[in-house]
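Trainee: Below are the sequence and a predicted model for it; my questions follow.
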Amino acid sequence: MTQALFDKRLILVLGKGGVGRSTVAAAIAGQCAARGKRTLLYETNANDRFGNYFDKPPVGPEPVQLADKLWAVNATPASALEEYGLMILRFKSVYEMVFENRVTKAFLRAIPGLDDYALLGKAWFHTTEEKRGKPVWDTVVFDMPASGHSVSMLKVPWVIVDTVPEGPLTRDARTVKALLTDKARTAAVIVTLAEEMPVNEAIELEAKLIGLGIVPQQLVVNQVYPDHVPPGTPLGRVLDSLIVDGGNAALPPVLSAITAHAGLSRDRRALNAHYLAELARRAKTPIVELPMLFAKTLGPAHVRQLGEQLAR
Ligand SMILES: Nc1ncnc2c1ncn2[C@@H]1O[C@H](COP(=O)(O)OP(=O)(O)O)[C@@H](O)[C@H]1O
Ligand SMILES: [Mg+2]
């Protein structure tokens, strides 16, 4: 992975549900923090995993510290909207008058994409946050919602600029657009698996991001099976001789079980290799692989291991 990634102000982590977006986001954030950057790991409406990944309680809508230089927040649309409202209106009392008003509330609920915009806006807001003239965060790592949802979320500033009359909303939307499309400040990372559906979805996602002017800088292929039985090696030849015509009925039970297991492992690896090659052919973004880790649940040591592997 290019080291420049860890110097960005905003790192967007995207991908299909379940491929390991949150895990990769945590691994990247851990690396940013290890490089001395004040890092905010930002997730939205999530069933939080970050607490576990850093041996802490689940993360809620208030920022909490997870490790040295590393904080996390799990924003909800309501908390993000309140923050954004406060930012524009400056005072809690004015905010309450405007936003807590029943009519306004109903009106806000009716604006499509507003929740998403508030969540995206909060990420942007954190990149601009300052204390005594200094940025509060060097890096915001945004663990985005699943592919389709994250694309519609990223599109909202474009929609606002195109449809809403000139005003504070369009002014901010323009600033958010400028940040998202600035390769010097923002990086998009796509996480995927070396399997058919995730590969197709990753390629689709890549095209959509490029279409928006958000050029992905890294494609992370997660959970790649280890090559336990490399083809052409003595072990491979032993396995070939044990698996005859796809079966191994003649073997003693113990050897039969081991043979089946080794065969399965080799098949999984071959499948991964096939889709890694396909990704390399179809993707425009540089690819980095992360191994499948064999553990019941992943913890801090695993997240660190994955982060170090990414940084290598
Ligand atoms: N490289 C890996 N090896 C083993 N398990 C992994 C790996 N990456 C993620 N996982 C596990 O897969 C599950 C889904 O990962 P998660 O990061 O929550 O996915 P997402 O955020 O994309 O829904 C979690 O249980 C996580 O611990
Ligand atoms: Mg997740």
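Mentor: Structure received. Numbers count the residues shown, from 1 in each chain. Ligands and ions are numbered 1, 2, ... in the order given.
Trainee: When you work out contacts or count neighbours from here on, use the C-alpha atoms and nothing else.
Mentor: Noted.
Trainee: Helices of the chain, start to end?
Mentor: Assignment of helices within the chain using DSSP state H yields the ranges 21-34, 50-53, 77-89, 92-99, 102-110, 114-128, 147-163, 168-180, 196-212, 234-242, 253-282, 300-311.
Trainee: what's the most buried one of those?
Mentor: Mean neighbours per residue, mean count of other Cα atoms under 10 Å, is largest over these for helix 21-34, with a mean of 25.
Trainee: got the angle for it vs helix 300-311?
Mentor: Interaxial angle of helix 21-34 relative to helix 300-311 (axes from the mean of the first three to the mean of the last three Cα atoms, to 10 degrees): 80 degrees.
Trainee: distance between helix 21-34 and the chain's centre?
Mentor: Remark: helix 21-34 is offset 9 Å from the chain centroid, using Cα atoms, centre = their mean, to the nearest Å.
Trainee: That one and ligand 1 in contact?
Mentor: Yes - contact of helix 21-34 with ligand 1 (Cα under 6 Å from any ligand atom) involves 21-23.
Trainee: Repeat that for stretch 297-312.
Mentor: Yes - contact of stretch 297-312 with ligand 1 (Cα under 6 Å from any ligand atom) involves 297-298.
Trainee: quick check, distance from that stretch to the centre of its chain.
Mentor: Remark: stretch 297-312 is offset 15 Å from the chain centroid, using Cα atoms, centre = their mean.
Trainee: again, but for stretch 253-265
Mentor: For stretch 253-265, the distance to the chain centre is 36 Å (Cα atoms, centre = their mean).
Trainee: Same question for stretch 43-58.
Mentor: For stretch 43-58, the distance to the chain centre is 14 Å (Cα atoms, centre = their mean).
Trainee: How about stretch 291-308?
Mentor: Using Cα atoms, centre = their mean, the offset of stretch 291-308 from its chain centre is 16 Å.
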